[in-house]
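**Student:** sequence plus predicted model, see below.
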Amino acid sequence: MTQNKVSFITGSAKRLGAHTAKYLHEREFNVVIHCQHSRLEGETLCKELNSIREKSAVLVQGDLSDTTTIERVAHQAIDSFGRLDVLVNNASSFYPTPIGSITLDDWQSLVGSNMQGPLFLSQHCHAALAEHQGTIINMVDIHAAKPLKNHTLYCMAKAALVTMTQSLALELAPDIRVNGVAPGAILWPEHDISAQDKTNILQDIPIQRLGQMDDIAQTIHFLTEARYITGQIIAVDGGRSISSHAKA
(Lines give C-alpha, C1' and ligand atoms only; values in the text may rest on other atoms or scores of the structure.)
Protein backbone atom coordinates (compact mmCIF):
# COMPACT_ATOMS: atom_id res chain seq x y z
CA MET A 1 0.00 0.00 0.00
CA THR A 2 1.27 3.46 -0.91
CA GLN A 3 2.13 5.87 1.90
CA ASN A 4 1.26 8.85 -0.28
CA LYS A 5 -2.24 10.16 0.08
CA VAL A 6 -4.47 9.20 -2.85
CA SER A 7 -7.00 11.41 -4.58
CA PHE A 8 -9.63 10.11 -7.01
CA ILE A 9 -10.88 12.90 -9.28
CA THR A 10 -13.72 12.15 -11.64
CA GLY A 11 -13.76 13.82 -15.03
CA SER A 12 -10.06 14.61 -14.74
CA ALA A 13 -8.65 13.87 -18.19
CA LYS A 14 -8.85 17.51 -19.25
CA ARG A 15 -9.80 21.06 -18.30
CA LEU A 16 -10.36 21.80 -14.61
CA GLY A 17 -10.20 18.18 -13.48
CA ALA A 18 -6.82 17.64 -15.12
CA HIS A 19 -5.47 20.86 -13.64
CA THR A 20 -6.61 19.77 -10.17
CA ALA A 21 -4.95 16.37 -10.64
CA LYS A 22 -1.67 18.08 -11.52
CA TYR A 23 -2.01 20.48 -8.59
CA LEU A 24 -2.54 17.69 -6.04
CA HIS A 25 0.19 15.57 -7.65
CA GLU A 26 2.65 18.43 -7.14
CA ARG A 27 1.74 18.27 -3.46
CA GLU A 28 2.71 14.59 -3.21
CA PHE A 29 -0.69 13.03 -3.79
CA ASN A 30 -0.97 9.96 -5.93
CA VAL A 31 -3.87 10.48 -8.30
CA VAL A 32 -6.53 8.32 -9.89
CA ILE A 33 -7.59 10.03 -13.09
CA HIS A 34 -11.03 9.24 -14.48
CA CYS A 35 -12.50 9.70 -17.94
CA GLN A 36 -15.55 8.63 -19.88
CA HIS A 37 -14.68 9.43 -23.50
CA SER A 38 -11.35 11.30 -23.21
CA ARG A 39 -9.13 8.24 -22.89
CA LEU A 40 -6.29 9.65 -25.00
CA GLU A 41 -6.10 12.80 -22.88
CA GLY A 42 -6.25 10.70 -19.71
CA GLU A 43 -3.45 8.41 -20.84
CA THR A 44 -1.33 11.42 -21.81
CA LEU A 45 -1.85 13.00 -18.39
CA CYS A 46 -1.00 9.74 -16.61
CA LYS A 47 2.20 9.40 -18.63
CA GLU A 48 3.17 12.99 -17.80
CA LEU A 49 2.61 12.53 -14.05
CA ASN A 50 4.33 9.15 -13.94
CA SER A 51 7.36 10.64 -15.68
CA ILE A 52 7.59 13.09 -12.78
CA ARG A 53 7.06 10.47 -10.07
CA GLU A 54 7.01 6.79 -10.96
CA LYS A 55 3.80 4.84 -10.37
CA SER A 56 1.95 7.87 -9.01
CA ALA A 57 -0.98 8.10 -11.45
CA VAL A 58 -3.46 5.63 -12.93
CA LEU A 59 -6.44 5.97 -15.25
CA VAL A 60 -9.89 4.47 -14.84
CA GLN A 61 -12.64 4.78 -17.44
CA GLY A 62 -16.41 4.55 -17.16
CA ASP A 63 -19.75 6.30 -17.59
CA LEU A 64 -20.77 7.55 -14.15
CA SER A 65 -24.33 8.15 -15.28
CA ASP A 66 -24.61 4.37 -15.75
CA THR A 67 -25.26 2.71 -12.40
CA THR A 68 -23.91 -0.61 -13.66
CA THR A 69 -20.39 0.82 -14.07
CA ILE A 70 -20.10 3.00 -10.96
CA GLU A 71 -19.21 0.18 -8.56
CA ARG A 72 -16.52 -1.13 -10.93
CA VAL A 73 -14.98 2.30 -11.33
CA ALA A 74 -14.98 2.85 -7.56
CA HIS A 75 -13.28 -0.47 -6.83
CA GLN A 76 -10.69 0.10 -9.57
CA ALA A 77 -9.90 3.48 -8.07
CA ILE A 78 -9.51 2.09 -4.55
CA ASP A 79 -7.47 -0.92 -5.69
CA SER A 80 -5.10 1.23 -7.76
CA PHE A 81 -3.01 2.22 -4.73
CA GLY A 82 -4.61 0.22 -1.92
CA ARG A 83 -6.02 3.28 -0.17
CA LEU A 84 -8.17 6.33 -0.79
CA ASP A 85 -8.00 9.68 0.99
CA VAL A 86 -9.89 12.11 -1.24
CA LEU A 87 -12.83 11.71 -3.61
CA VAL A 88 -13.47 14.72 -5.83
CA ASN A 89 -16.79 14.41 -7.65
CA ASN A 90 -15.93 16.68 -10.56
CA ALA A 91 -17.40 14.93 -13.64
CA SER A 92 -20.36 16.87 -14.98
CA SER A 93 -22.52 17.20 -18.06
CA PHE A 94 -23.70 20.74 -18.80
CA TYR A 95 -25.99 21.92 -21.58
CA PRO A 96 -29.35 23.69 -21.90
CA THR A 97 -32.66 21.80 -21.62
CA PRO A 98 -35.50 24.24 -22.41
CA ILE A 99 -38.86 23.03 -21.18
CA GLY A 100 -40.63 21.11 -23.90
CA SER A 101 -37.40 19.60 -25.17
CA ILE A 102 -36.32 17.56 -22.13
CA THR A 103 -35.85 13.83 -22.76
CA LEU A 104 -35.07 10.83 -20.59
CA ASP A 105 -31.60 10.81 -22.15
CA ASP A 106 -31.11 14.37 -20.86
CA TRP A 107 -32.25 13.24 -17.42
CA GLN A 108 -29.81 10.34 -17.43
CA SER A 109 -26.91 12.52 -18.59
CA LEU A 110 -27.45 15.59 -16.40
CA VAL A 111 -28.91 14.04 -13.24
CA GLY A 112 -26.77 10.94 -13.71
CA SER A 113 -23.45 12.78 -13.87
CA ASN A 114 -24.18 15.67 -11.49
CA MET A 115 -26.06 13.92 -8.68
CA GLN A 116 -26.55 10.17 -9.12
CA GLY A 117 -22.89 9.47 -9.91
CA PRO A 118 -21.52 11.40 -6.91
CA LEU A 119 -24.05 9.72 -4.59
CA PHE A 120 -23.22 6.16 -5.58
CA LEU A 121 -19.48 6.80 -5.82
CA SER A 122 -19.59 8.19 -2.29
CA GLN A 123 -21.46 5.09 -1.17
CA HIS A 124 -18.96 2.71 -2.77
CA CYS A 125 -15.90 4.68 -1.56
CA HIS A 126 -16.93 5.65 1.95
CA ALA A 127 -15.45 2.63 3.72
CA ALA A 128 -12.03 3.16 2.11
CA LEU A 129 -12.16 6.89 2.84
CA ALA A 130 -13.08 6.28 6.49
CA GLU A 131 -9.94 4.19 7.03
CA HIS A 132 -7.80 7.33 6.59
CA GLN A 133 -10.15 10.02 7.89
CA GLY A 134 -10.69 11.04 4.29
CA THR A 135 -12.78 13.67 2.58
CA ILE A 136 -15.34 13.98 -0.20
CA ILE A 137 -15.39 17.18 -2.21
CA ASN A 138 -18.32 17.77 -4.53
CA MET A 139 -18.12 20.23 -7.40
CA VAL A 140 -21.36 22.14 -7.15
CA ASP A 141 -22.24 25.39 -8.97
CA ILE A 142 -23.36 28.87 -7.96
CA HIS A 143 -26.43 28.19 -10.13
CA ALA A 144 -27.61 25.59 -7.63
CA ALA A 145 -28.79 28.58 -5.60
CA LYS A 146 -29.49 31.00 -8.48
CA PRO A 147 -30.90 28.85 -11.30
CA LEU A 148 -29.85 29.46 -14.87
CA LYS A 149 -32.59 29.99 -17.45
CA ASN A 150 -33.14 27.03 -19.82
CA HIS A 151 -30.96 24.76 -17.64
CA THR A 152 -33.61 23.34 -15.29
CA LEU A 153 -32.29 19.77 -15.18
CA TYR A 154 -28.69 20.84 -14.58
CA CYS A 155 -29.66 23.27 -11.82
CA MET A 156 -31.95 20.69 -10.19
CA ALA A 157 -29.11 18.16 -10.13
CA LYS A 158 -26.61 20.62 -8.66
CA ALA A 159 -29.12 21.74 -6.02
CA ALA A 160 -29.59 18.09 -5.05
CA LEU A 161 -25.80 17.74 -4.85
CA VAL A 162 -25.69 20.62 -2.34
CA THR A 163 -28.24 18.85 -0.14
CA MET A 164 -26.39 15.57 -0.54
CA THR A 165 -23.16 17.25 0.56
CA GLN A 166 -24.76 18.58 3.74
CA SER A 167 -26.62 15.36 4.53
CA LEU A 168 -23.57 13.13 4.04
CA ALA A 169 -21.49 15.50 6.16
CA LEU A 170 -23.81 14.63 9.04
CA GLU A 171 -24.07 10.93 8.25
CA LEU A 172 -20.39 10.21 7.61
CA ALA A 173 -18.95 12.26 10.47
CA PRO A 174 -16.64 11.95 12.30
CA ASP A 175 -14.72 9.64 9.95
CA ILE A 176 -15.23 11.52 6.68
CA ARG A 177 -15.61 15.22 5.99
CA VAL A 178 -17.87 16.24 3.08
CA ASN A 179 -17.74 19.68 1.48
CA GLY A 180 -18.55 21.36 -1.81
CA VAL A 181 -16.89 23.88 -4.10
CA ALA A 182 -19.14 26.12 -6.19
CA PRO A 183 -17.16 27.64 -9.06
CA GLY A 184 -18.27 30.76 -10.81
CA ALA A 185 -16.88 31.75 -14.20
CA ILE A 186 -13.54 29.92 -14.42
CA LEU A 187 -13.46 28.57 -17.99
CA TRP A 188 -15.86 29.48 -20.75
CA PRO A 189 -18.12 26.52 -21.67
CA GLU A 190 -16.91 24.22 -24.43
CA HIS A 191 -20.05 24.97 -26.44
CA ASP A 192 -20.37 28.31 -28.23
CA ILE A 193 -21.00 31.41 -26.16
CA SER A 194 -21.39 34.85 -27.68
CA ALA A 195 -19.10 37.79 -27.01
CA GLN A 196 -22.08 39.68 -25.57
CA ASP A 197 -22.87 36.83 -23.16
CA LYS A 198 -19.23 36.86 -22.03
CA THR A 199 -19.40 40.62 -21.45
CA ASN A 200 -22.64 40.29 -19.49
CA ILE A 201 -21.15 37.58 -17.26
CA LEU A 202 -18.02 39.61 -16.52
CA GLN A 203 -20.16 42.63 -15.61
CA ASP A 204 -21.88 40.50 -12.96
CA ILE A 205 -18.58 39.64 -11.24
CA PRO A 206 -17.40 42.18 -8.63
CA ILE A 207 -13.75 41.23 -9.27
CA GLN A 208 -14.44 41.87 -13.00
CA ARG A 209 -12.54 38.92 -14.47
CA LEU A 210 -12.65 35.20 -14.94
CA GLY A 211 -11.22 33.06 -12.21
CA GLN A 212 -8.21 30.81 -12.77
CA MET A 213 -8.10 27.03 -12.57
CA ASP A 214 -5.62 27.44 -9.70
CA ASP A 215 -8.37 29.17 -7.70
CA ILE A 216 -10.40 25.97 -7.72
CA ALA A 217 -7.46 23.60 -7.26
CA GLN A 218 -6.20 25.62 -4.28
CA THR A 219 -9.63 25.47 -2.65
CA ILE A 220 -9.86 21.72 -3.15
CA HIS A 221 -6.39 21.27 -1.66
CA PHE A 222 -7.34 23.51 1.28
CA LEU A 223 -10.40 21.34 1.96
CA THR A 224 -8.27 18.19 2.00
CA GLU A 225 -6.38 19.66 4.95
CA ALA A 226 -9.08 21.68 6.74
CA ARG A 227 -9.78 19.18 9.51
CA TYR A 228 -12.57 21.19 11.17
CA ILE A 229 -14.61 22.07 8.09
CA THR A 230 -17.46 19.86 6.94
CA GLY A 231 -20.87 20.37 5.39
CA GLN A 232 -19.83 23.64 3.75
CA ILE A 233 -20.16 24.97 0.21
CA ILE A 234 -17.38 27.39 -0.72
CA ALA A 235 -18.21 29.71 -3.62
CA VAL A 236 -15.13 30.49 -5.69
CA ASP A 237 -16.70 33.03 -8.00
CA GLY A 238 -15.17 36.49 -7.60
CA GLY A 239 -18.25 37.55 -5.63
CA ARG A 240 -20.74 36.80 -8.40
CA SER A 241 -23.11 34.86 -6.13
CA ILE A 242 -23.57 37.87 -3.85
CA SER A 243 -23.66 40.54 -6.54
CA SER A 244 -26.93 42.45 -6.77
CA HIS A 245 -26.36 42.70 -10.53
CA ALA A 246 -26.03 38.95 -11.11
CA LYS A 247 -28.68 37.54 -13.46
CA ALA A 248 -29.86 33.99 -13.91
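**Tutor:** Yes, it's here.
**Student:** pLDDT value on the residue of the chain most remote from its centre, please?
**Tutor:** Each residue of the chain has a distance to the centre, and by C-alpha atoms, centre = their mean the biggest one is for residue 100: 28.9 Å. Looking at residue 100, its pLDDT is 97.
**Student:** just give me the longest helix of the protein.
**Tutor:** Identified as the longest helix of the chain according to DSSP state H is helix 152-172.
**Student:** contact partners of stretch 154-166?
**Tutor:** 89, 93-95, 97, 110-111, 113-115, 118-119, 122, 136, 138, 140-141, 143-145, 147-148, 178-180, 231, 233 (C-beta atoms under 8 Å, 6 or more residues apart in numbering). Every residue, glycine included, has its C-beta placed from N, CA and C.
**Student:** for the residue farthest from the centre of the chain, helix, strand, or coil?
**Tutor:** When classified by DSSP: H, G, I helix; E, B strand; the rest coil, residue 100 comes out as coil.
**Student:** the contacts of stretch 154-166 in strands, which ones?
**Tutor:** Under the assignment DSSP state E, the contacts of stretch 154-166 contribute 89, 136, 138, 178-180, 233 to strands.
**Student:** which stretches in the chain count as helices?
**Tutor:** 15-26, 39-52, 67-81, 104-111, 117-130, 152-172, 195-203, 213-225.
**Student:** mean pLDDT for those helices: which is lowest?
**Tutor:** Across these, the lowest-scoring stretch is helix 195-203, with a mean of 82.
**Student:** angles on the backbone of residue 186, please.
**Tutor:** phi -110, psi -50 (degrees, to the nearest 10).
**Student:** can I assume it is in contact with residue 211?
**Tutor:** Yes - at 4.5 Å, residue 186 counts as touching residue 211 under the criterion of C-beta atoms under 8 Å.
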